[in-house]
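[1] Attaching a predicted model along with its sequence, questions to come.
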Amino acid sequence: MEQDTIAAVATPVGSGGIGIIKISGRDALSIAEAIFQKTGNTPDSWRTTDAHLVAALHSHRLYHGHIVDPDNGRVLDEVLLAAMPAPHSYTREDVVEINTHSGRVVLAATLALVLKQGARLAEPGEFTKRAYLSGRIDLTQAEAVIDIINSRTDKALEIAASQMRGDLKQKVEAIRDILLDILTEIEAVIDFPEDVEDIIKDGKAVAVIANKAIEPLKVLIRQYDNAHILRDGIKMAVVGKPNVGKSSLMNRLLQNDRVIVSPIPGTTRDLIEETLNIRGIPVVVADTAGLHETDDPVEVIGIQKTEEYINRSDLVLFMIDAGEPLAREDYRIYETIHNKRSIIVVNKIDLVDKGAGPDIPDTWAQTPAIKISALYGEGLGALKDLIAKISMGDFPLEPENVTIPNLRHKIALERCLQLATSAVEAIKNKTPFELVAIDVQEAIDALGEIVGLTTREDVIDQIFSRFCIGK
Ligand SMILES: Nc1nc2c(ncn2[C@@H]2O[C@H](COP(=O)(O)OP(=O)(O)OP(=O)(O)O)[C@@H](O)[C@H]2O)c(=O)[nH]1
Ligand SMILES: [Mg+2]
């Protein structure tokens with residue numbers, strides 16, 4: 001596949017030690033030749049040899065030299081350059097990487113020079129898309145690249161790294177191969193009914209589909225259900241009436257004084273969001289404005305925002321004061337949150353005798369409750385455990401448990417499961433094999449969507465649009 005040549009700055013914007021410009025495509029090496037002056041050679045000496053720069057540079061080595069504008073001889077920067085000729089590169093095309101100093105101007109000037117030599121600016125994710133289109137990686141591995149970049153916890157990184165190694169791809173392909181074999185058998189039966197191998201007729205096919213397709217599909221779907229929050233995270237809101245200690249808890253969880261805490265009710269007026277890692281789960285936690293009746297227009301806006309946020313949250317920490325009887329506001333807040341996954345957090349237990357606290361109505365019993373002191377940090381470990389348990393159940397976080405499909409994969413796995421199940425039923429019911437074959441073919445296609453064999457163009461575009469430029 002001969003593609004045009006793309007280039008981009010691959011490192012984040014800003015000042016730093018090095019910035020990298022990546023070039024990929026058929027002109028990558030000649031562009032490098034035009035603008036790179038290798039140390040130890042005058043430009044003339046290596047241009048007079050009839051060897052191309054490609055031949056002059058060993059692949060996958062870093063060469064020291066300068067970027068020089070061929071039009072006017074202006075030296076832009078002292079750099080290290082690596083040439084990675086096809087097919088041994090990220091994209092499987094000719095790739096050149098130039099390590100310049102990292103500054104906005106030097107990177108922009110070097111990139112402009114590269115573009116002037118005929119490359120075009122890469123689109124977001126285009127290098128990885130080329131790696132996928134060239135067949136070096138499948139779609140799950142391409143998705144893992146973005147997951148690695150976006151990982152917010154070690155566990156999320158572990159999941160993404162496993163996917164990048166191809167663990168999910170292999171599991172999906174193994175199931176797909178089984179279904180392909182079955183399809184071949186079924187087609188043989190359709191074409192040559194008299195020579196039928198017994199595999200279909202005596203029920204062996206049913207067992208093969210059940211054990212080698214349906215079972216592993218169920219395992220993968222279960223992995224998603226149990227553990228997808230390790231990669232996707234959860235949104236958690238801390239709500240309660242004014243002054244119960246919501247901001248104090250937020251600061252405790254973040255281990256710094258991010259939010260203003262004061263004895264004045266109504267201190268927090270805006271919604272404050274931060275990301276933290278609770279037992280390996282990326283949690284976006286929001287401290288909210290205390291919920292109560294007020295005429296203050298700024299507080300009113302804060303309260304509206306809180307109510308919207310509650311709707312979007314996966315988990316709500318409903319905080320009450322250990323030292324005070326429940327107020328009308330508490331009952332009203334419970335009404336808003338009782339249908340959500342929530343935890344009643346009884347705060348300020350340092351102010352009351354051990355075991356004491358407000359009388360919690362029996363009707364609230366369905367919601368787990370925990371006692372803490374946000375001020376002194378008491379009960380925080382137990383609260384984190386409870387957050388993790390409510391979010392993940394008892395799912396074990398063992399290293400072998402890191403093949404976790406994403407939502408896109410899960411939807412395809414479920415469709416495959418449903419079709420495979422219906423194929424089994426059809427075989428058992430002696431449905432004509434032509435019809436069984438349709439189910440099996442569609443089940444195969446569902447798996448093909450995961451790895452990128454039968455994925456719709458717009459879905460592929462959408463996946464790569466999540467990337468940054470230069471990846
Ligand atoms: N004794 C005691 N005081 C606490 C505890 N948690 C918070 N406080 C105090 O309670 C007061 C209010 O705390 P905040 O964290 O600002 O409460 P809030 O719920 O964010 O209040 P608003 O933003 O006004 O809704 C502060 O004086 C805190 O120091 C606790 O566990 N024990
Ligand atoms: Mg507050």
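    On my side now, so go ahead. Residues are numbered from 1 along each chain as shown. Ligands and ions are numbered 1, 2, ... in the order given.
[2] residues from the protein in reach of ligand 1?
    With the criterion set to C-beta under 6 Å from any ligand atom, the chain comes near ligand 1 through 240, 242-248, 261-263, 265-268, 290, 347-348, 350-351, 373-375. (Each C-beta comes from the backbone N, C-alpha and C, glycine too.)
[3] Just the buried ones among these, please.
    Among these, those that count as buried by neighbour count (16 or more other C-beta atoms under 10 Å) are 240, 242-248, 261, 266-268, 290, 347-348, 373-375.
[4] neighbours around the residue nearest to Val300 when sequence neighbours are not counted, how many?
    Closest residue in space to Val300, ignoring its immediate chain neighbours: Thr294 at 6.3 Å, by C-beta to C-beta, 6 or more residues apart in numbering. Other residues lying near Thr294 total 16 when counted by other C-beta atoms under 10 Å.
[5] Got the domain ranges for this protein?
    In terms of domains, the chain is parsed into 6-122, 152-229+406-455, 233-392 (source: automatic domain parsing).
[6] all helices of the stretch 351-471 of the chain, in order?
    If you assign secondary structure with DSSP state H, counting those that start in this stretch, the helices in the stretch 351-471 of the chain sit at 380-392, 407-428, 433-451, 457-465.
[7] Can you tell me the element the residue of the stretch 251-400 of the chain found nearest ligand 1 falls in?
    For the stretch 251-400 of the chain, the nearest residue to ligand 1 under the criterion C-beta to the nearest ligand atom is Gly290, separated by 2.8 Å. When secondary structure is defined by DSSP states H and E, Gly290 falls outside every helix and strand.
[8] Would you check that the residue nearest to Val300 makes contact with Lys241?
    No: in this structure Thr294 lies outside contact range of Lys241 using C-beta atoms under 8 Å: 11.1 Å.
[9] So for Ile146, which of the domains of the chain sits nearest?
    The closest approach between Ile146 and any of the domains of the chain, judged by C-beta to C-beta, belongs to domain 152-229+406-455 at 8.5 Å.
[10] tell me the mean pLDDT for that closest one?
    Model confidence over domain 152-229+406-455, given as mean pLDDT, is 91.
[11] next one: stretch 219-232 to chain centre, how far?
    For stretch 219-232, the distance from its own C-alpha centre to the chain's C-alpha centre is 12 Å (C-alpha atoms, centre = their mean, to the nearest Å).
[12] Mind listing residues that contact that stretch?
    147, 151, 153, 155-156, 159-160, 168, 171-172, 280-282, 314, 391-393, 395, 397, 401, 403-407, 409-410, 413-414, 417 (C-beta atoms under 8 Å, 6 or more residues apart in numbering).
[13] what do you get for stretch 429-447?
    Residues outside stretch 429-447 that contact it (C-beta under 8 Å, 6+ apart): 172-173, 175-176, 179-180, 182-183, 186-187, 189-190, 200, 213, 412-413, 415-416, 419-420, 422-423, 426-427, 454.
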